[in-house]
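Colleague: Take this sequence and fold it.
(one chain, ligands or ions: 1)
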Amino acid sequence: MSSLVSGSNVYVVRCPICYQLNTPGLPKKHPACAMYHKSTEETTVTTTLPPPPSSATAPTPEFASSCSLSTSWTPVSLKRVTPYNHDTSIFTFSLSLNLPTCACLLVRAPDCEHGGGEAVRPYTPIAEREGEFDLLIKSYKQWGEVGQRNFRPPGAVSSYMFGLRAGAKVDFKHIKFNLKIPYNLSHKGYGFEGVKTITMIAVGVGIAPMIQTLNSILEGETEDITQVVLMLGNRSVKDIILKEKLDAWESTKSNFKVIHHVGTRYAGIVSHKNTCPKSCRAPCKFWVSQVPERWSELAEDRRERTWINQTSIEKYAFKPSGDTRVFVCGLPSVYEALCGVRGTPLSADSALGRLGYDEKAVVKF
Ligand SMILES: Cc1cc2nc3c(=O)[nH]c(=O)nc-3n(C[C@H](O)[C@H](O)[C@H](O)COP(=O)(O)OP(=O)(O)OC[C@H]3O[C@@H](n4cnc5c(N)ncnc54)[C@H](O)[C@@H]3O)c2cc1C
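Modeller: Coordinates of the predicted model:
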């Protein structure tokens with residue numbers, strides 16, 4: 001988190017990991033990123049900025065890339081909302097975007113942050129057309145009851161988005177931090193020259209930036225024979241987003257395969273039910289491992305009943321080498337377990353670090 005000082009004015013920008021404001025009084029560990037947040041002391045950067053422009057001179061917009069959205073908040077009209085599955089919808093906005101491959105946008109939801117203030121989150125468009133672009137957004141509903149240990153409040157920005165109707169304006173911006181290393185054969189100089197294999201690790205909506213890359217590899221104008229394995233994690237089969245698109249690619253493109261992981265990080269751990277008698281000791285004789293609903297819809301050699309973990313990465317990912325890359329995208333806990341906090345170098349004490357991948361090989365979206 002950095003605070004930018006101009007004369008006597010203090011502009012506070014957001015933590016790049018949790019996107020929350022450094023609001024006085026807020027604990028160093030923000031609720032949404034409690035495990036990851038660096039203390040203000042560790043990360044505060046003080047920079048002298050020119051004074052803010054007077055109201056007479058309109059500021060010149062700055063652009064971080066070819067994207068038509070500037071680095072300042074810009075309202076864009078919501079054209080329509082198309083339900084996609086039980087908890088995900090496609091939000092179509094009226095703007096020609098021209099976003100570079102793998103880049104994302106920031107969305108602002110006023111007065112929606114847990115604990116107060118505006119909530120800001122990144123989203124990667126899944127499609128762009130002349131005059132419009134699509135965001136595929138998952139709704140995070142409340143889980144459990146207030147005061148209970150497993151309570152989870154409704155998602156701040158996703159709830160805001162799901163409350164909107166066509167015609168509403170949503171604030172977007174696109175800053176340099178949103179410009180991920182683009183995988184695209186036409187982009188030279190990003191370290192992808194000579195790369196022969198890519199392992200994509202995506203959990204839930206973390207599929208969004210992978211779709212952009214896959215479009216570029218599998219549907220691009222230049223033939224790209226890079227081999228890709230997508231390790232995709234979801235809580236249930238019904239949560240798998242864009243499955244029909246992935247299935248179509250699998251059946252037509254010989255350089256692409258997807259391995260579905262269905263479950264949670266707790267799958268496979270023997271635990272006790274509330275109804276277990278006191279005498280029950282691990283391994284629990286009352287524990288019954290459930291076959292996930294619609295499990296049979298996934299091909300036998302393309303499915304795992306587990307959270308994506310070190311063992312499954314070792315089994316399915318391309319081995320560490322100079323000509324392989326691993327792309328990772330998901331919620332904060334995914335980065336923490338598999339490669340270390342988003343926005344920081346690869347952690348040696350993470351699944352990918354322990355398996356011998358190096359910093360250059362791992363791309364955190
Ligand atoms: C590069 C990138 C691209 C992305 N692209 C997409 C995309 O295309 N589509 C998409 O849907 N998402 C995408 N995401 C994820 C997105 O940015 C948000 O993280 C997601 O929408 C959830 O945000 P939210 O504000 O709705 O939920 P949040 O408010 O951030 O909450 C997220 C989860 O944490 C829980 N939580 C929050 N606070 C607490 C607390 N105090 N105690 C316990 N639990 C808590 C909530 O209950 C919820 O389950 C992307 C993320 C990245 C990094």
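Colleague: List the buried residues in stretch 232-251.
Modeller: For stretch 232-251, the neighbour count (16 or more other CB atoms under 10 Å) marks 232, 233, 234, 237, 239, 240, 241, 242, 243, 246, 249 as buried. Backbone N, C-alpha and C define where each C-beta goes, glycine included.
Colleague: I'd guessed residue 234 sits against residue 258; true?
Modeller: No. The criterion here is CB atoms under 8 Å, and residue 234 misses it with residue 258 at 11.4 Å.
Colleague: what residues does the stretch 201-350 of the chain put near the ligand?
Modeller: Taking CB under 6 Å from any ligand atom as the test, the list of the stretch 201-350 of the chain residues beside the ligand reads 205, 208, 209, 329.
Colleague: try 5 Å this time
Modeller: 205, 208 (CB under 5 Å from any ligand atom).
Colleague: give me the low-pLDDT residue ranges for the stretch 1-150 of the chain?
Modeller: Within the stretch 1-150 of the chain, the stretches with pLDDT under 70 are 1-58, 149.
Colleague: Pull up the residues of it that are close to the ligand.
Modeller: 31, 32, 104, 114, 121, 122, 123, 124, 137, 138, 140.
Colleague: Drop anything exposed from those.
Modeller: So, by 16+ other CB under 10 Å, the buried ones in those are 32, 104, 121, 122, 123, 124, 137, 138, 140.
Colleague: residues contacting the fourth one?
Modeller: Spelled out, that is residue 122. 19, 104, 105, 106, 107, 178 (CB atoms under 8 Å, 6 or more residues apart in numbering).
Colleague: same deal with the fifth one?
Modeller: Residues touching residue 123, when contacts are defined by CB under 8 Å, 6+ apart, comprise 104, 105, 106, 107, 135, 137, 208.
Colleague: which stretches of the stretch 51-200 of the chain form helices?
Modeller: In the stretch 51-200 of the chain, the helices defined using DSSP state H, counting those that start in this stretch lie at 156-162.
Colleague: And the residue of it that's closest to the ligand?
Modeller: Going by CB to the nearest ligand atom, the ligand is nearest to residue 155 of the stretch 51-200 of the chain, at 2.4 Å.
Colleague: and that residue, how far is that from residue 81?
Modeller: Going from residue 155 to residue 81 by CB to CB, to the nearest Å gives 16 Å.
Colleague: Which one of those two is surrounded by more residues?
Modeller: Legend: neighbour count by other CB atoms under 10 Å for residue 155 and residue 81, higher for residue 155 (22 against 17).
Colleague: from memory the more buried one sits against residue 137, does it?
Modeller: No. Applying CB under 8 Å as the test, residue 155 and residue 137 come out as separate, 9.3 Å apart.
Colleague: Can you name the residues bridging to the nearest residue to residue 82 once chain neighbours are set aside?
Modeller: Sequence neighbours aside, residue 90 is the residue nearest to residue 82 in space, at 4.5 Å (criterion: CB to CB, 6 or more residues apart in numbering). Taking DSSP bridges, one finds residue 82, residue 136 as the beta-bridge partners of residue 90.
Colleague: Return the residues in contact with residue 90.
Modeller: Residues in contact with residue 90 (CB under 8 Å, 6+ apart) are 81, 82, 84, 126, 134, 135, 136, 137.
Colleague: and which of those residues is nearest to residue 195?
Modeller: Residue 195 lies nearest to residue 126 out of those, by CB to CB, at 23.4 Å.
Colleague: I'd guessed that closest one sits against residue 209; true?
Modeller: No. The pair residue 126 / residue 209 is not scored as a contact, 9.2 Å apart, by CB under 8 Å.
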